[in-house]
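S.K.: sequence and predicted structure, then a few things I'm wondering about:
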Amino acid sequence: MPRGRTEKKNKLKIRDARRRDRDAVRKVTLSAFQQYAAVMPPPRWEGYRENILATVADVEPAQQIVAERERVIVGAVLLYPPGTAFSTPDEGPIICPEVRLLAVAPEARGQGIGTALMKECIRRARRVGAGCLNLHTTDVMRVAMRMYERMGFVRAPDLDFHPDPSIIVKAYRLDLD
């Protein structure tokens, strides 16, 4: 497996995160998700923020992938093996790899970084023979939802969940066959 992929047009390098990247990944991830604090009630935002911090502090068993430009981390994402990120009450563990916490630094948005990170997740899922790739998102993340749909992800309502009655965390799936 190559240590990293470089997209020549903008000198963006996609690679596995290193231990020394931990602080930069945390900073990028929090800054990327901070915009949602304004649309969530404070207790919900604080709970979500704490979940983000806990997840990026201990990413196992996920692969943490970063986007780097000029030695600066500008994006990150987690790719979980099948059955390790989420499960459903009816079906048990989800059988496809799962993408979580796709984050692009606010100052680097609109430059294809999120798409490059997602393409790397798709490439890695295909490499291990996965038939699909899943992710979860919410309606407040409309820009991300449009990107996922452009990339071929479709709604998978059977995998939705409700952390409380007023919130739907929507599932999307990309068939890789």
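M.R.: Perfect, I can see it now.
S.K.: so residue 23: helix, strand or coil?
M.R.: helix (DSSP: H, G, I helix; E, B strand; the rest coil).
S.K.: again with residue 166
M.R.: Under three-state DSSP, residue 166 comes out as coil.
S.K.: same question, residue 163
M.R.: coil.
S.K.: so for it, what's the nearest residue that isn't a sequence neighbour?
M.R.: Distances taken as CB to CB, 6 or more residues apart in numbering place residue 169 nearest to residue 163, at 6.4 Å, with adjacent residues excluded. The way it works is simple: take the backbone N, C-alpha and C, and place the C-beta from them, glycine included.
S.K.: residues in contact with the one you found?
M.R.: 136-138, 160-163 (CB atoms under 8 Å, 6 or more residues apart in numbering).
S.K.: just grab the bridge partners of it for me.
M.R.: residue 161 (DSSP bridges).
S.K.: residue 27 versus residue 151, what's the distance?
M.R.: 26 Å (CB to CB, to the nearest Å).
S.K.: which residues in this structure form strands?
M.R.: 4-7, 12-16, 63-69, 72-80, 87-88, 92-93, 98-104, 132-137, 154-155, 170-175 (DSSP state E).
S.K.: mind checking which helix or strand of this structure has the lowest mean pLDDT?
M.R.: Every helix and strand in the chain was compared by mean pLDDT, DSSP states H and E; the lowest is strand 87-88, with a mean of 50.
S.K.: and for residue 68, the neighbour number?
M.R.: 21 (other CB atoms under 10 Å).
S.K.: where does the chain dip in pLDDT?
M.R.: 1-10, 85-94 (pLDDT under 70).
S.K.: quick one on the thing from earlier: reformat the contacts of residue 169 as a markdown table; add distance to residue 61 and neighbour count.
M.R.: Output for the contacts of residue 169, formatted as a markdown table (distance: CB to CB, whole Å; neighbours: other CB atoms under 10 Å):
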| residue | distance to residue 61 | neighbour count |
| --- | --- | --- |
| 136 | 17 | 20 |
| 137 | 21 | 17 |
| 138 | 24 | 17 |
| 160 | 23 | 14 |
| 161 | 20 | 14 |
| 162 | 25 | 9 |
| 163 | 22 | 13 |
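S.K.: what's the closest of these to residue 119?
M.R.: residue 137 (17.4 Å; CB to CB).
S.K.: that closest one touches residue 147, doesn't it?
M.R.: No - applying CB atoms under 8 Å as the test, residue 137 and residue 147 come out as separate, 10.1 Å apart.
S.K.: among the strands of the chain, which is nearest residue 47?
M.R.: That would be strand 98-104 among the strands of the chain, by CB to CB, at 15.1 Å.
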